[in-house]
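**Student:** dropping the sequence and predicted coords here.
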Amino acid sequence: MDLTTLAILFALGFGGWYLWRALGTKEVALQAARRACERADVDLLDQSVCLSGIGVQRDQQGQLRLRRTFSFDFTATGEGRYRGRITLLGQRAESVVFDPHRF
């Protein structure tokens, strides 16, 4: 096995690991969005979240973590469609923001 083959195997392994972790993180964001919508008494539309931003930030212990922002759509009255955002720091939901909407 030469160095090129080893590098390709490493890249494929890393890509698979990252994809697996990204899907897990998306599920964490979806569950947090569902809970936030229930607390706010609004309906989560499409039952999905979409990655809208990514960065790096230190957590409270000083560890570097990926900061991901996901967006989702919700409705309060069934007539309008509004945007919400959830921010995860690592695997923990940090904040949920709802755009102004009708009650």
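**Tutor:** That came through fine. Numbering: from 1, shown residues only.
**Student:** shaky segments in the chain?
**Tutor:** Judged against pLDDT under 70, the chain has no low-scoring part.
**Student:** all strands for it, in order.
**Tutor:** Using DSSP state E, the strands of the chain run over 43-44, 50-58, 64-75, 82-89, 92-98.
**Student:** other SSEs contacting the first one?
**Tutor:** Going back to what we said before, that points to strand 43-44. helix 3-40, strand 64-75 (3 or more Cβ pairs under 8 Å, 6 or more residues apart in numbering; DSSP states H and E). Yep, even glycine has a C-beta here, placed from its N, CA and C like the rest.
**Student:** just name the most buried of these.
**Tutor:** Between these, strand 64-75 has the highest mean count of neighbours, a mean of 19, where neighbours are mean count of other Cβ atoms under 10 Å.
**Student:** still on that earlier bit, can I get the helices and strands packed on strand 43-44 in a markdown table with distance to residue 50?
**Tutor:** Output for the helices and strands packed on strand 43-44, formatted as a markdown table (distance: least, Cβ to Cβ, whole Å):
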| stretch | distance to residue 50 |
| --- | --- |
| helix 3-40 | 9 |
| strand 64-75 | 5 |
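**Student:** to residue 101, which of the ones you listed lies closest?
**Tutor:** strand 64-75 (7.6 Å; Cβ to Cβ).
**Student:** sorry, back to before: which one of the strands of the chain lies nearest to residue 10?
**Tutor:** strand 64-75 (20.3 Å).
**Student:** residues in contact with stretch 71-88?
**Tutor:** 25, 28-30, 32-33, 36-37, 41-46, 48-50, 52, 67-70, 93-103 (Cβ atoms under 8 Å, 6 or more residues apart in numbering).
**Student:** next, the distance between the ends of that stretch.
**Tutor:** 11 Å (Cα to Cα, to the nearest Å).
**Student:** which ones are touching the nearest residue to residue 32 once chain neighbours are set aside?
**Tutor:** Excluding its sequence neighbours, the residue lying closest to residue 32 (Cβ to Cβ, 6 or more residues apart in numbering) is residue 93, at 3.9 Å. By Cβ under 8 Å, 6+ apart, the contact set of residue 93 is 28-29, 32, 86-87.
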